[in-house]
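Engineer: give me a 3D structure for the following:
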Amino acid sequence: MPEREFLLLSATETDRLGLVAEVTKFIAEKGCNVEDSRIVVLGGYAGLMALVSGDAGALKALLDGLNELRERHGIRMAPRRVASRKLDRPTAPEVVVHAQAIDHPGIIHALADIVRRFGGNILELESASDSAPQSGEPLFRLRMTVRLPAAGDPGDLWRQLEAAATEQGVELELHAAPTGNADVVAHGPERRSRPRA
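Structural biologist: The predicted structure follows:
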């Protein structure tokens, strides 16, 4: 059986109906498989990232066809080769941080910098601003998943985040990331679906 290789595809396009279907049809037509993907719409633009796998011939066909995709649908995808080696399954714990505050500049940096100094790795981060229900002020919300360093104590991270949150006027929650019973586990090329019980 030919060895699978991996390619990371990314694009930022004006959001419209059918965009995801067009991209995934193109990938399937070239004999490749979507291993992992993320799609987000911000400010009327869709950001797409897909980790694609296939044998060497299929990936070559996909790369050779990127101009065809651009001409047919106007989608400009940027490819990047990524390692095809087996990744060690991480054993470090993961935590999820939720934050909420009246929106102002610097909140994300303040929290992300604490995580960086603690030695953690931010795996996912989502934020949004809405109007607060009663006051109408811009309300900021954030959710991020953090992988702790192997020797890291979540309590230490919490204390450091809490100090930054107090300074920034942010309400925080921190809890362990779900494990074990999730239908999908891990991140990246070694992510696999678990069968339902």
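Engineer: buried residues in the longest helix seen in the chain?
Structural biologist: Ordering each helix of the chain by length in residues (DSSP state H) puts helix 154-168 first. In terms of neighbour count (16 or more other C-beta atoms under 10 Å), helix 154-168 has its buried residues at 154, 157-158, 160-161, 164-165, 168. All C-beta spots, glycine's among them, are computed from the backbone N, C-alpha and C.
Engineer: which of those residues scores worst on pLDDT?
Structural biologist: Here the lowest pLDDT out of the buried residues of helix 154-168 sits on Pro154, with 86.
Engineer: not counting sequence-adjacent ones, nearest residue to the residue minimising distance to the centre of the chain?
Structural biologist: Central residue of the chain (C-alpha atoms, centre = their mean): Glu124, 4.7 Å from the mean position. In this structure, Glu124 finds its nearest non-sequential neighbour in Thr145, 4.4 Å apart by C-beta to C-beta, 6 or more residues apart in numbering.
Engineer: the one you found belongs to a strand?
Structural biologist: Yes - counting by DSSP: H, G, I helix; E, B strand; the rest coil, Thr145 is located in a strand.
Engineer: domains of the protein?
Structural biologist: Domain assignment for the chain, taken from automatic domain parsing, gives 5-82, 94-176.
Engineer: least reliable of these going by mean pLDDT?
Structural biologist: domain 94-176 (a mean of 92).
Engineer: and the helices in the protein?
Structural biologist: Assigned helices in the chain, in chain order: 19-29, 56-64, 66-73, 107-118, 154-168 (criterion: DSSP H).
Engineer: for these, which one sits closest to Leu48?
Structural biologist: Across these, Leu48 has its closest neighbour in helix 19-29 (6.3 Å, C-beta to C-beta).
Engineer: and that closest one, which residues are buried?
Structural biologist: Applying 16+ other C-beta under 10 Å to helix 19-29 flags 19, 22-23, 26-27 as buried.
Engineer: contacting residues around the residue nearest to Arg4 when sequence neighbours are not counted?
Structural biologist: Take Arg4 and drop its neighbours on the chain: the residue closest to it by C-beta to C-beta, 6+ apart is Ser53, 4.6 Å away. Applying C-beta atoms under 8 Å, 6 or more residues apart in numbering to Ser53 gives the contacts 4-7, 32-33, 35, 189.
Engineer: show me which of those residues is closest to Gly120.
Structural biologist: Minimum distance to Gly120 across the contacts of Ser53 is 21.7 Å, recorded for Pro189 (C-beta to C-beta).
Engineer: distance to Tyr45 added to the helices of the chain, as TSV?
Structural biologist: Supplementary listing: those in TSV, determined by distance: least, C-beta to C-beta, whole Å:
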stretch	distance to Tyr45
helix 19-29	11
helix 56-64	23
helix 66-73	16
helix 107-118	19
helix 154-168	28
